[in-house]
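J.: Sequence first, then the predicted structure:
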Amino acid sequence: MKAIVIGAGPAGLAAGACLKRAGVQVALLERAKEVAPAWHAHYDRLHLHTARGRSALPFRPMPKGGRYPSRAEVADYLESYARAEGLEVRTSCSVEEVRREGALWQVRHSAGEDSADVVVFATGLNGTPRLPDWPGLDGFPGQITHSSEYRNAKAFAGQRVLVAGIGNSGGDIALDLAEGGAEVVVSARGPVSILPKEIFGIPVTSMQLVQRTLGPRIADAVTGPVIRALIGRPSDYGFATPAYGPVTQVVRDGRVPLIDPGILGAIRAGRVAVRGAVARVEDRKVIFAEGQPERFDAIVAATGYTHDLRPMLPGLQGVLDAAGSPRINGAPTAAPGLYFISYKASPNGQLKQIGIEAKSIARAVTND
């Protein structure tokens, strides 16, 4: 049996390793020039929110180190993982189309075409960078940087910078800019869920037992008073309060809450200002839906990604939703032999969830 895995980031590597160990012939196709390209490109200060022991892929623990692995440590680990598991990774190979022909899947890519019994999509949540759709943004004369392109604060020192979005990347980048000498304003378009990085010394992403035992809504109700005692309410920082708790948000909306890297303290200290939604841009002025217009030298858009897979799976029914996102992750789909891994956010850490889904896919493939 032959499988093709599309993508050689953490999800693709885990899927490839689990399938190979199950006796499947596996090839990984990666459009970039290296394994785990996103982890080589992320901003410098990035650290995982999951503890080291919960951040490994199947079969191989991460090397010893601090509790929260850095970007560079994760990149090194993923490269060594691919080598240690003997994975065949074809880099600089961009997949263009996947279609079913008879009993096999045909995968057309930049180097030609291959067939396989099984195809696993592992291109991940971070697909195509998404910029804000503010009227007038095209006329902004300053630098506009998506979070995927941001590395560090050096180029922004002494500038007034608007960070659009206050997810985990936005929070990290805003704090990095403030510590690097920029004057920082964060724009939060809607309500913001916030969590401390740890609760009583336990990483918040390690508390999955509470969620599994109680369910999302009750888990939020039980942990809510503790979270408020530790860090307060979103409104204490100028954010709108969500209608439901952080665990429910992940399950219901697929959005991970802001896990505080220190940004909340910077807001309290006045080193980072908070504004609401942006209405439009006029030259260097940003006009907010509420409040006075403000001038900025640069904008960093921490506004997420899109991952529409419909162009790669033309005409396939029952597998993708209306936005082109997989309906099912880590399990058999409506199309025999077609699988998807890690296209849904997990409240317990993405790398941990990747391992669970990769093992599930390998079991499903070998039991068919």
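T.: That came through, no problem.

J.: Next up, the contacts around Gly158.
T.: Shown in contact with Gly158 (C-beta atoms under 8 Å, 6 or more residues apart in numbering): Gly181, Ala182. Backbone N, C-alpha and C define where each C-beta goes, glycine included.

J.: Regarding it, what is its secondary structure?
T.: Per DSSP: H, G, I helix; E, B strand; the rest coil, the local secondary structure of Gly158 is coil.

J.: so what's it scoring on pLDDT?
T.: On the pLDDT scale, Gly158 is placed at 97.

J.: Which residue ranges of the stretch 201-350 of the chain form helices?
T.: For the stretch 201-350 of the chain, applying DSSP state H, counting those that start in this stretch gives helices covering 208-214, 216-231, 246-253, 263-268, 350-367.

J.: Tell me which residue lies farthest from the centre of the chain.
T.: Going by C-alpha atoms, centre = their mean, the residue of the chain most distant from its centre is Gly102, 35.0 Å out.

J.: How much space separates it from Ser115?
T.: Shown here: Gly102 relative to Ser115, a distance of 9 Å by C-beta to C-beta, to the nearest Å.

J.: rewinding a little: looking at the helices of the stretch 201-350 of the chain, which is closest to Thr123?
T.: helix 350-367 (12.9 Å; C-beta to C-beta).

J.: what packs against the closest one?
T.: Applying 3 or more C-beta pairs under 8 Å, 6 or more residues apart in numbering; DSSP states H and E, we find helix 350-367 packed against helix 10-21, strand 338-340.

J.: Pass me the low-pLDDT residue ranges in the stretch 201-350 of the chain, would you?
T.: For the stretch 201-350 of the chain, the stretches flagged by pLDDT under 70 are 207-214, 347.

J.: Which stretches in it count as strands?
T.: 202-203, 258-259, 272-275, 278-282, 285-288, 294-295, 298-301, 305-306, 338-340 (DSSP state E, counting those that start in this stretch).

J.: Show me what the second one packs onto, helices and strands only.
T.: Helices and strands touching strand 258-259, by 3+ C-beta pairs under 8 Å, 6+ apart, are helix 168-179, strand 194-195.

J.: Residues contacting whichever helix or strand comes after the last one, please?
T.: Going down the chain from strand 194-195, the next helix or strand is strand 198-199, by DSSP states H and E. Applying C-beta under 8 Å, 6+ apart, the contact partners of strand 198-199 are Val204, Met207, Thr223, Val226, Ile227, Leu230.

J.: what about the fifth one, distance to Ala103?
T.: With distances defined as C-beta to C-beta, the gap from Ile227 to Ala103 amounts to 52 Å.
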